[in-house]
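J.: A predicted structure for the sequence below; I have some questions about it.
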Amino acid sequence: MIRNVQAATNYGISFEVEDNGGTIACYVTRAALQERAARDNLQTADLRTIFNSYRLEIDLAASKKWRMEAAEDPIIIDHLPNR
């Protein structure tokens, strides 16, 4: 579950994911957000709007990466797979 979403920067958005009783810092890049929005022709440059539109996908990607890679803080999401 995504929580503590930070303000968007020129590079992306920081947030935390809570999974299996733990919390890990995560970051989704501007490029990943813009690429995902482009696939659906979402016409906005506002990263927060894009983040909120794909929040579930971002949550799933972060949780999967955390479990599969035994990732250390922070998890960087630089690509969001197709649904």
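T.: Structure received. Numbers count the residues shown, from 1 in each chain.

J.: mind listing the strands for the protein?
T.: Defined through DSSP state E, the strands belonging to the chain, from first to last, are 2-3, 12-19, 22-29, 75-77.

J.: Apart from its neighbours in sequence, what residue is nearest residue 2?
T.: Spatial nearest neighbour of residue 2, chain neighbours left out: residue 59 (4.8 Å); criterion: C-beta to C-beta, 6 or more residues apart in numbering. In short, each C-beta sits where N, CA and C put it, glycine included.

J.: so that neighbour touches residue 16, yeah?
T.: No. If you go by C-beta atoms under 8 Å, residue 59 and residue 16 don't touch, sitting 10.7 Å apart.

J.: thinking again about what came up before, got the strands of the chain as CSV, with mean neighbour count, mean pLDDT and distance to residue 68 columns?
T.: Formatted as CSV, the entries for those read as follows, by neighbours: other C-beta atoms under 10 Å; pLDDT from 0 to 100; distance: least, C-beta to C-beta, whole Å:
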stretch, mean neighbour count, mean pLDDT, distance to residue 68
strand 2-3, 14, 84, 18
strand 12-19, 19, 89, 12
strand 22-29, 18, 88, 13
strand 75-77, 19, 80, 11
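
J.: Would you reformat those as a markdown table and include distance to residue 66?
T.: Rendered in a markdown table, the data for the strands of the chain read as follows (distance: least, C-beta to C-beta, whole Å):
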| stretch | distance to residue 66 |
| --- | --- |
| strand 2-3 | 12 |
| strand 12-19 | 6 |
| strand 22-29 | 6 |
| strand 75-77 | 6 |
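
J.: right, so of the ones you listed, which gets closest to residue 54?
T.: Each of these was checked against residue 54 via C-beta to C-beta, and the shortest separation belongs to strand 22-29, namely 8.9 Å.

J.: Can you show me the CA trace of that closest one as CSV?
T.: Extracted C-alpha coordinates of strand 22-29, given in CSV (Å, rounded to 0.1, in the frame of the first residue of the first chain):
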residue,chain,number,x,y,z
GLY,A,22,7.5,-3.5,6.6
THR,A,23,7.9,-0.1,4.9
ILE,A,24,10.4,0.8,2.2
ALA,A,25,11.2,4.1,0.5
CYS,A,26,10.5,4.1,-3.2
TYR,A,27,10.9,6.4,-6.2
VAL,A,28,9.2,6.5,-9.6
THR,A,29,11.0,8.4,-12.3
